[in-house]
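In: sequence isn't available, so here's the structure alone:
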Ligand SMILES: [Zn+2]
């Protein structure tokens, strides 16, 4: 019946494992799963050898070298993990706290006053752990964050065993975390130094946006990033109002205003980019500019829909972010992938664009590259052993024919069976291995009681 498909799935043939690998022993051998190598290739029945946290062999035949542990994954799908390129993970505690409002009203009347009362290291830790539960169970292995007390987020990410590109949100007003933007930048610098050797965690400056930071603050952030060889993480052109205010206050659109700060000489992760103008697109085309597309958040706050097809046609590097659980209200890359594909299809009235494979690539390899983790995002020899195991034989996903279609269009809650990062299980057979699920659920409930009794 294959001829009935417009594009039949095409497994690829791989060569036998190189001889020198036969000499090595393997820590873990995963066998018999369908293995998605990257957006272009998958193999129907694969064998993955893992040693010292790295993938040392990927083949269609069982390797002859000994494995200390063999795991049979017949009927399962192995995929690279997902990278969520924009969130504020501690805000998971505010999931559903204030909905159905425009962005500025939501921020100014609810989120900021509430945060002014709540922000503390304990709050940040509790929110981060709550968010990690959902992220891991939906196959996310790394994320880009911006918040306060980011050293707490870093510790949680480290303990969970995930990847993080974490930034202190730098604002020009006092917060419970710092008295001014200068202190925020100092805190960022200290954290950058602390984590400079870490293999899974990177720190970068996060000047929040042009409407919350002065030009000087953004310049200082850029200088720090330049000095340390780091990225910059910023919100950009999220709403029409932001662009109109920029024209009114600076006589320039946001990108041209920001171009005077030096940030575009660096690697920039720009969240939202709903309203880039044609001139801005032309200017940014050749820059090291990574778009984090946050569709659910932009839809829910009615900010608009980014012209993703235009960005793609101009060669932009597009990645996927969820934004926080208080504006999304999930941190689930599976939901986000499906939505992006179908919303842009209908926006352009063209069902052939933004295929499952293309969206999958944005969530995996492109996300890993945007975050600077070049050895993740695909499955091949020499890459870090970062994998997600899916069980497609569930009531909401049977049957499946194409693994990319399965992941992007039908996989969801309950699909992710196990997650491994750098050879270490962080979820195994639906059980968390690095964080304490029961404790997190209990503490989140306690925080809910506290939060709902706060009067604003
Ligand atoms: Zn954001």
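Out: Arrived safely, thanks for sending. The structure displayed is predicted, hence computed values, not measured ones.
In: walk me through the domains of this protein.
Out: 2-80+376-437, 82-371 (automatic domain parsing).
In: show the average pLDDT along the last one.
Out: The one in question is domain 82-371. For domain 82-371, mean pLDDT is 97.
In: from one end of that domain to the other, what's the distance?
Out: 12 Å (C-alpha to C-alpha, to the nearest Å).
In: wait, residue 188 touches residue 166, no?
Out: No. With contact defined as C-beta atoms under 8 Å, residue 188 does not reach residue 166; the gap is 9.7 Å. Where C-beta positions appear, they are placed from N, C-alpha and C, glycine not excepted.
In: ok, the two, which is more surrounded?
Out: residue 188 (28 against 25; other C-beta atoms under 10 Å).
In: give me the secondary structure label for that one.
Out: helix (DSSP: H, G, I helix; E, B strand; the rest coil).
In: residues touching the nearest residue to it once chain neighbours are set aside, list them.
Out: Using C-beta to C-beta, 6 or more residues apart in numbering and skipping residues adjacent in sequence, the residue nearest residue 188 is residue 168, 4.6 Å away. Residue 168 makes contact with 146, 147, 148, 150, 177, 184, 187, 188, 191, 203, 205, 206, according to C-beta atoms under 8 Å, 6 or more residues apart in numbering.
In: wait, the first one touches residue 88, no?
Out: Yes. Because the distance of 5.8 Å satisfies C-beta under 8 Å, residue 146 is recorded as touching residue 88.
In: out of those two, which sits in the more crowded spot?
Out: Higher neighbour count among residue 146 and residue 88: residue 146, with 27 against 24, using other C-beta under 10 Å.
In: tell me the secondary structure at that one.
Out: strand.
In: do you know how far the closest residue to it other than its chain neighbours is from residue 172?
Out: Leaving aside its chain neighbours, residue 146 sits nearest to residue 206 (4.2 Å; criterion: C-beta to C-beta, 6+ apart). Going from residue 206 to residue 172 by C-beta to C-beta, to the nearest Å gives 13 Å.
In: between the two, which is the more surrounded one?
Out: Each of residue 206 and residue 172 has its neighbours counted (other C-beta under 10 Å); residue 206 has more, 31 against 17.
In: ok, the more buried one touching residue 170?
Out: Yes. Between residue 206 and residue 170 there is a contact under C-beta under 8 Å: 5.9 Å.
In: who touches stretch 208-215?
Out: With contact meaning C-beta under 8 Å, 6+ apart, stretch 208-215 is reached by 146, 169-173, 181, 207, 218, 221, 234-236, 238, 242, 245-246, 254, 257-258, 260-261.
In: looking at those residues, which are in helices?
Out: 181, 218, 221, 242, 245, 246, 254, 257, 258 (DSSP state H).
In: beta-bridge partners for residue 26, please?
Out: Counting by DSSP bridges, residue 26 is bridged to residue 67.
In: number of residues surrounding it?
Out: 21.
In: which residues are in contact with it?
Out: Contacts for residue 26 (C-beta under 8 Å, 6+ apart) come out as 49, 50, 51, 56, 57, 63, 65, 66, 67, 68.
In: out of those, which end up buried?
Out: 49, 50, 51, 56, 57, 63, 65, 67 (16 or more other C-beta atoms under 10 Å).
In: thought the second one was touching residue 58?
Out: No. If you go by C-beta under 8 Å, residue 50 and residue 58 don't touch, sitting 10.2 Å apart.
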